[in-house]
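A.B. asks: dropping the sequence and predicted coords here.
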Amino acid sequence: MSNFVKKIYDSEDGATAIEYGLLAALIAIALITALQNMTGEFIEVFADVEAGMDDTARSSVVADD
């Protein structure tokens with residue numbers, strides 16, 4: 001019985017898995033935070049692209065007439 005307890009006590013497999021889990025959680029939190037802070041910038045970029053596409057579509061329709 002003491003051999004079994006010593007083996008479990010010396011095992012580091014669970015600790016490694018927990019460390020990887022914590023690392024993955026920290027990376028996920030950092031990504032979510034960064035993306036939340038950049039949401040306004042993404043909206044502006046897509047609005048600019050949409051406006052540019054609208055201008056191009058209007059100018060090509062006027063040029064065809």
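C.D. replies: Looks like it arrived, so ask away.

A.B. asks: could you check how far residue 45 is from residue 52?
C.D. replies: Computed as C-beta to C-beta, to the nearest Å, the residue 45 to residue 52 distance reads 11 Å. All C-beta spots, glycine's among them, are computed from the backbone N, C-alpha and C.

A.B. asks: helix or strand with the lowest mean pLDDT in this protein?
C.D. replies: Taking mean pLDDT, DSSP states H and E as the measure, the helices and strands of the chain show their lowest mean at helix 2-10, namely a mean of 74.

A.B. asks: starting from that one, tell me the next helix or strand along the chain.
C.D. replies: helix 13-64 (DSSP states H and E).

A.B. asks: quick one: mean pLDDT over that following helix.
C.D. replies: Mean pLDDT, computed over helix 13-64, is 85.

A.B. asks: so which residue is smack in the middle of the chain?
C.D. replies: Per C-alpha atoms, centre = their mean, the C-alpha nearest to the average position across the chain is that of residue 31, at 4.3 Å.
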